[in-house]
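S.K.: I need the structure of the sequence given here:
(one chain, ligands or ions: 1)
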Amino acid sequence: MPGSRREFLYGLGVLTGSTLFAMEHSEPELILYNGNFWTVNSRRPRAQAVAISNSRFLAIGSNEEVLGLAAGNAKKIDLAGKTVLPGFIDAHSHPAEAGLSHLRMVDCDLRSIAEIQKALRERAAKTPAGEWVLGFKYDDTKTSEGRPLTLQDLDGAVPDHPVFVVHRGGHTAWTNSLALKLAKIDDKTPDPPGGKYDRDPATGHLTGHVREHGKDVFEKATPSKFTRDDHREGVKLISKMMTRTGITSVTDALGSPDGLRAYQDARELGQLSVRIYCHIYYMFMDQMLAAGVKTGLGDEWVKVGAQKMICDGSISERTARLSQPYIGRPDDFGIIVTSEEELYQQARKAHVAGWQLGTHANGDVGIDTTLRVYERLQKEMPRKDARYRFEHCTVVNDGLVQRIKALGGIPTPFSTYAYYHGEKMKEYGAERVNHMFALRSFIDAGIRPTQASDYPPGPFEPMMALQSEVTRTDMKGNVWGPQQKITLEEAIRVGTINGAYASYEENLKGSIEAGKLADLVVLGRDVFKEDPSNIINIPIERTMVGGTWVWEA
Ligand SMILES: [Zn+2]
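M.R.: Numbers count the residues shown, from 1 in each chain. Below is the predicted model:
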């Protein structure tokens, strides 16, 4: 093999661990040429062409080098100079659940309470009296009335059906009177542990707004009967929605046995177009442990991820547990959902059994608590390369960042919040916002943070993530935490190779390299030449997963 070839085929044998593979499949099936490839591989950061065989990159190089490999049957596609990036990895999202919600619930991502009322009323008209009308993706800061939903709004829209509308963040919800009645909650009912039934401070009457564990009684009462087919249909729908934005891999951050099966069912029918790393919620762990399952089981399409636990509240709904109170609410420090000792017990069980751990931790107190649990486990039962995950890891300080670094931990901060939820950050104050979604701090400390939408709470479009991380500017032009801006090149690494690292797959995907899975996205315009405040408008022309186009505009 000539020297030049050796370089651009470099890695093939190493990555597959098999020379046979290289020999059997050394003829490309597909060649993409005339492209502007940003590979995220520091050995060869730019290229013009790639050859693909057996769902993996076979070679990366100049047009001349790669076209020279073409044999009889190779299909050749001229990319006409278009920019190509590795496929994006959304390292924290809720795809199976979001897919089901899109199938069954009213999408309340609307710009006025009147529109939300109309949408709920229309759904109620098609729903037998007495049955639940459910909504999701409601955002209290995005309606033109400039106030949150009320019990009266919901009673006015839908009097004869119980109504339960969940906030976009998923941690709080709004109900109507019939829903409260069916749940047997009245003005005298005490708040549940770890939750709240809000009351009007003047009258003491319930407002219909319920928080955290205050939602549980409603969630138990609402129909959760989904067939196996429903779950699969949900996965089919959401994976289509995601691939058209350039996402090729997703971590399900709160997976269940139903979800895990749905991903497999969809895959068997050719309906899964994104790769899944499926965390398992700790509540389901007994089943998993009894079956001998642990992190890493599966293949490059569906793989078992970490055990997922929850420490504190939410950022977008302002319930994250903070060391200093929320701005304008001097007595409100947010909510701890699971105590440190309880978290430790949950974590220990999975750690002993060989699982990666992922804990939802948003506020600085939540992150400190999670760190203490991980540090204790690592001391008592040290594990090499444990890659402890801090899901969200939003409000940090230098001390927390150093401890995460020392532990080899992985933060998955919200990627689209500065852009999309910027206005909610007022309640954190300008100083604190400079330490939130702290990509600059993480990268400077040598930590590998990921791109993460947390969809439904955050939009998942990777172009929005890049713009948000590079500009820290919301849709109205307000800047949130400018200290944490990162460069475009850094943001792309965060959205690709870092996501692969977070699931132990950095040798399999996350960059355009020989031997890696052929996952990529073709952009309509060169992101490096775009005005950073316009990245969100770059069209996604094509998305490829495993050598197959799963989206073509
Ligand atoms: Zn989440």
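
S.K.: Up against the ion, what does the chain have?
M.R.: 253, 454 (C-beta under 5 Å from the ion). C-betas here are computed from N, CA, C, even on glycine.

S.K.: for the chain, what are the low-confidence residue spans?
M.R.: Residue ranges of the chain with pLDDT under 70: 1-25.

S.K.: and with 80 instead?
M.R.: The model of the chain has pLDDT under 80 over residues 1-26, 223-224, 317.

S.K.: Tell me how far the residue of the stretch 451-553 of the chain found nearest the ion lies from residue 220.
M.R.: Nearest residue of the stretch 451-553 of the chain to the ion: residue 454, at 4.3 Å (C-beta to the ion). According to C-beta to C-beta, to the nearest Å, residue 454 and residue 220 sit 24 Å apart.

S.K.: before we move on, back to that, a helix runs through the residue of the stretch 451-553 of the chain closest to the ion, doesn't it?
M.R.: No: using DSSP: H, G, I helix; E, B strand; the rest coil, the assignment for residue 454 is coil, not a helix.

S.K.: who has more neighbours, residue 454 and residue 220?
M.R.: When residue 454 and residue 220 are compared on other C-beta atoms under 10 Å, the one with more neighbours turns out to be residue 454, at 29 against 9.

S.K.: In this structure the more buried one contacts residue 251, no?
M.R.: No: using C-beta atoms under 8 Å, residue 454 is not in contact with residue 251; the gap is 10.4 Å.

S.K.: Overlap in contacts, these two.
M.R.: Residues touching both residue 454 and residue 251 (C-beta atoms under 8 Å, 6 or more residues apart in numbering) are 92-93.

S.K.: Look at the closest residue to residue 27 other than its chain neighbours and give its secondary structure.
M.R.: Closest residue in space to residue 27, ignoring its immediate chain neighbours: residue 71 at 4.6 Å, by C-beta to C-beta, 6 or more residues apart in numbering. With three-state DSSP as the basis, residue 71 sits in coil.

S.K.: count of residues packed around residue 71?
M.R.: 9.

S.K.: So what does it look like in phi/psi?
M.R.: The phi/psi pair for residue 71 (degrees, to the nearest 10) reads phi -110, psi -170.

S.K.: what about it, distance to residue 51?
M.R.: 10 Å.

S.K.: how about the strands of the stretch 401-550 of the chain, start to end?
M.R.: Remark: strands assigned in the stretch 401-550 of the chain by DSSP state E, counting those that start in this stretch are 410-412, 520-523, 540-545, 548-552.

S.K.: In the longest one, which residues are buried?
M.R.: Judged by neighbour count (16 or more other C-beta atoms under 10 Å), strand 540-545 contains these buried residues: 540-545.

S.K.: helices or strands up against it?
M.R.: strand 247-255, strand 520-523, strand 548-552 (3 or more C-beta pairs under 8 Å, 6 or more residues apart in numbering; DSSP states H and E).

S.K.: Dump that strand to CSV, restricted to CA.
M.R.: Output of strand 540-545 as CSV, limited to C-alpha atoms (Å, rounded to 0.1, in the frame of the first residue of the first chain):
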residue,chain,number,x,y,z
ILE,A,540,-30.2,20.5,6.8
GLU,A,541,-29.9,19.0,3.4
ARG,A,542,-29.2,15.3,4.1
THR,A,543,-28.6,13.1,7.1
MET,A,544,-26.8,9.8,6.8
VAL,A,545,-26.7,7.0,9.4
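
S.K.: chain center to that strand: distance?
M.R.: Centroid separation between strand 540-545 and its chain, computed with C-alpha atoms, centre = their mean, to the nearest Å, is 19 Å.

S.K.: Strand 548-552 and that one, what's the angle between them?
M.R.: For strand 540-545 against strand 548-552, the angle by axes from the mean of the first three to the mean of the last three C-alpha atoms, to 10 degrees is 150 degrees.

S.K.: Quick check: closest non-adjacent residue to residue 236.
M.R.: Using C-beta to C-beta, 6+ apart and skipping the chain neighbours, the partner closest in space to residue 236 is residue 271 (4.0 Å).

S.K.: Hmm, the one you found is touching residue 235, no?
M.R.: Yes: taking C-beta under 8 Å as the definition, residue 271 is a contact partner of residue 235 at 7.0 Å.

S.K.: OK, now which residue of the stretch 251-400 of the chain is nearest to the ion?
M.R.: For the stretch 251-400 of the chain, C-beta to the ion, closest residue to the ion: residue 253, 4.4 Å.

S.K.: can you tell me which residues contact that residue?
M.R.: So residue 253 contacts 92-94, 279, 308, 358, 360, 391, 412, 454 (C-beta under 8 Å, 6+ apart).

S.K.: Make JSON lines out of these and add secondary structure.
M.R.: Formatted as JSON lines, those follow (three-state DSSP):
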{"residue": "92", "secondary structure": "strand"}
{"residue": "93", "secondary structure": "strand"}
{"residue": "94", "secondary structure": "coil"}
{"residue": "279", "secondary structure": "strand"}
{"residue": "308", "secondary structure": "strand"}
{"residue": "358", "secondary structure": "strand"}
{"residue": "360", "secondary structure": "strand"}
{"residue": "391", "secondary structure": "strand"}
{"residue": "412", "secondary structure": "strand"}
{"residue": "454", "secondary structure": "coil"}
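
S.K.: All the helices of the stretch 301-450 of the chain, residue numbers only.
M.R.: For the stretch 301-450 of the chain, applying DSSP state H, counting those that start in this stretch gives helices covering 340-352, 364-380, 398-407, 417-420, 430-433, 439-444.

S.K.: so of those helices, which one's packed in deepest?
M.R.: Stretch with highest mean neighbour count among the helices of the stretch 301-450 of the chain: helix 417-420 (a mean of 28; mean count of other C-beta atoms under 10 Å).

S.K.: Roughly how far does the nearest residue to residue 542 once chain neighbours are set aside sit from residue 239?
M.R.: Closest residue to residue 542 apart from its sequence neighbours, by C-beta to C-beta, 6+ apart: residue 522 at 4.2 Å. Using C-beta to C-beta, we find residue 522 at a distance of 19 Å from residue 239.

S.K.: same deal with residue 416?
M.R.: To residue 239, residue 416 is 19 Å away according to C-beta to C-beta.

S.K.: same deal with residue 500?
M.R.: 18 Å.

S.K.: Please apply the same query to residue 256.
M.R.: Residue 256 sits 17 Å away from residue 239, going by C-beta to C-beta.

S.K.: out of the strands of the stretch 401-550 of the chain, which comes closest to residue 399?
M.R.: strand 410-412 (14.5 Å; C-beta to C-beta).

S.K.: what does the closest one contact?
M.R.: Outside strand 410-412, the residues within contact range by C-beta under 8 Å, 6+ apart are 91-92, 251, 253, 387-393, 396, 404, 438, 442, 447-450, 452, 501-502.

S.K.: swap in stretch 275-283?
M.R.: For stretch 275-283, the surrounding residues in contact (C-beta under 8 Å, 6+ apart) are 95, 248-256, 259-260, 263, 288, 293, 298, 300-309, 346, 350, 358, 503, 505, 509, 517, 519, 545.
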